[in-house]
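S.K.: here's my sequence, what's the structure:
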Amino acid sequence: MRCLPDWLNDLADSGLAPLVGLAGALREDRHAVTQGITTPYNSGVNEGRITDVKLQKRLMAGRAGVPLLRHRVVLIAHLRRRYADRPTVSPR
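M.R.: Numbering: from 1, shown residues only. Sure thing, here's the model as predicted:
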């Protein structure tokens, strides 16, 4: 398995601007990247909730207040829990 620094060097030497930028950004936050790769923990659930809140906020576009936003976010969380255990069916 290749080491992260070697991989970042390959990205930086690729000559492709997006990959060079990615290598630089990952080097700046190397500690967090290493932690994310090596630990079994993640913030996926929190990120999903944040995405739900942002989506509802955009959908409402300032037409309602915080109580309605709170109600809708709680409802979405409830529906996610309710349907999380159901098997997914692939479209035909």
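S.K.: so the one residue sitting closest to the centre of the chain: helix, strand or coil?
M.R.: With distances taken as Cα atoms, centre = their mean, Glu47 lies nearest the centre of the chain, 5.4 Å away. Going by DSSP: H, G, I helix; E, B strand; the rest coil, the secondary structure assigned to Glu47 is helix.
S.K.: what pLDDT does it get?
M.R.: Looking at Glu47, its pLDDT stands at 83.
S.K.: and the helix or strand encompassing Arg70, what's buried?
M.R.: Assessed by DSSP states H and E, Arg70 sits inside helix 66-83. Residues of helix 66-83 classed as buried under the neighbour-count rule (16 or more other Cβ atoms under 10 Å) are Arg72, Val73, Ile76. (Each C-beta comes from the backbone N, C-alpha and C, glycine too.)
S.K.: follow-up on the earlier one: from Arg82, how far out is the residue nearest to the centre of the chain?
M.R.: 20 Å (Cβ to Cβ, to the nearest Å).
S.K.: thinking again about what came up before, any chance of the buried residues of helix 66-83 in CSV, plus distance to Pro18 and pLDDT?
M.R.: Conversion of the buried residues of helix 66-83 to CSV gives the following (distance: Cβ to Cβ, whole Å; pLDDT from 0 to 100):
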residue, distance to Pro18, pLDDT
Arg72, 37, 87
Val73, 35, 85
Ile76, 34, 86
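S.K.: about what we covered before: CA atoms of the helix holding Arg70 as CSV?
M.R.: Presented in CSV, the C-alpha positions along helix 66-83 are these (Å, rounded to 0.1, in the frame of the first residue of the first chain):
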residue,chain,number,x,y,z
VAL,A,66,-38.0,28.9,12.7
PRO,A,67,-40.9,26.9,14.2
LEU,A,68,-41.9,25.5,10.8
LEU,A,69,-38.3,24.8,9.9
ARG,A,70,-37.9,22.9,13.1
HIS,A,71,-41.1,20.9,12.5
ARG,A,72,-40.0,20.0,9.0
VAL,A,73,-36.5,18.9,10.1
VAL,A,74,-37.9,16.8,12.9
LEU,A,75,-40.4,15.2,10.5
ILE,A,76,-37.6,14.3,8.0
ALA,A,77,-35.5,12.8,10.8
HIS,A,78,-38.5,10.7,11.8
LEU,A,79,-39.1,9.5,8.3
ARG,A,80,-35.4,8.6,7.8
ARG,A,81,-35.5,6.5,10.9
ARG,A,82,-38.8,4.9,10.0
TYR,A,83,-37.7,3.9,6.5
